[in-house]
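Asks: give me coordinates for this.
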Amino acid sequence: MDTFETFRKFPTLALAKEKALLLNNKGIETKLTDNLPPVDITFSGNTLQNEYEIKIQQSKFEQAEKILEQEAEKEIQEIDKDYYLFQFSDDELYEILLKSDEWNAFDCALANKILIDRGKPVDAALIKSLKNERIKQLEKPEENQKPWIIAGYIFAIFGGLISILIGYSLMTSQKTLPNEKKMYSYSEKDRAHGKIIFYAGIVSAVFWLLIKIFNSNN
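Replies: From the prediction side, this is the model:
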């Protein structure tokens, strides 16, 4: 079954709705969400700027990319020369192409055009190479989970409920790469800690619940 996965994240609801409507009008069904779990947001390093997500079927990713790129090309013809990307250095513009998953289709298309206008090399082979390099970067597990692992073990001792959330997030969180590949967000070692924290939290929660029940009966 073709599942709905996160295709793009947007800083505002209005922008997310605008792009969702565009895709809907082109025959691509979308789902708009803003319910990212707070724990997961903290772990993954995301902020509220990425709160609004458009989800589509994975098999439609490539088609949706083309639709947004075509729309961006139309918008570029009307862009004001005061637009901030015109002040970017060549290296900064190349970085946009490298990290195209973090930028909207319009900025990526404009960065490409500005580089070409400056006489800089931008061709299909280069774009493909940049995207492959970006995927290699994104495939790396999220780093520096030690503070959350320590917090998880502490909460497992003093109540359990928060540690269950922390452990579950460490154990199960996944990310979808630009090439549609899904993988775990955290390293195997961190996921192992998450599993221990999760089950320790359950045991702790049950333990303290029984203590509370026992004390209330005496």
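Asks: contact partners for Asp82?
Replies: Asp82 makes contact with no residue, according to Cβ atoms under 8 Å, 6 or more residues apart in numbering. For glycine as for every other residue, the C-beta is placed from the backbone atoms N, C-alpha and C.
Asks: what of Gln57?
Replies: 2-5, 28-29.
Asks: tell me the confidence at it?
Replies: At Gln57, the model reports a pLDDT of 88.
Asks: quick check: bridge partners of it?
Replies: Beta-bridge pairing for Gln57 (DSSP bridges): Phe4.
Asks: what distance do you get for Glu29 to Pro121?
Replies: 38 Å (Cβ to Cβ, to the nearest Å).
Asks: so those two - more neighbours on which side?
Replies: A count of neighbours by other Cβ atoms under 10 Å puts Glu29 above the other of Glu29 and Pro121, at 12 against 9.
Asks: buried stuff in the lengthiest helix in the chain?
Replies: Looking across the chain with DSSP state H, the single longest helix is helix 188-216. Buried positions in helix 188-216, judged by neighbour count with 16 or more other Cβ atoms under 10 Å: 190-191, 193-194, 196-198, 200-202, 204-205.
Asks: same list, those residues, but as a markdown table with pLDDT please.
Replies: Output for the buried residues of helix 188-216, formatted as a markdown table (pLDDT from 0 to 100):
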| residue | pLDDT |
| --- | --- |
| Asp190 | 93 |
| Arg191 | 93 |
| His193 | 94 |
| Gly194 | 93 |
| Ile196 | 94 |
| Ile197 | 94 |
| Phe198 | 94 |
| Ala200 | 92 |
| Gly201 | 91 |
| Ile202 | 92 |
| Ser204 | 89 |
| Ala205 | 87 |
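Asks: circling back to that earlier point, what's the farthest-apart pair in the contacts of Gln57?
Replies: Using Cβ to Cβ, the contacts of Gln57 span at most 14.6 Å, a distance reached by Thr3 and Ile28.
Asks: phi, psi for the spatially most central residue of the chain please.
Replies: With distances taken as Cα atoms, centre = their mean, Lys175 lies nearest the centre of the chain, 6.5 Å away. When read as degrees, to the nearest 10, the backbone of Lys175 gives phi -130, psi 150.
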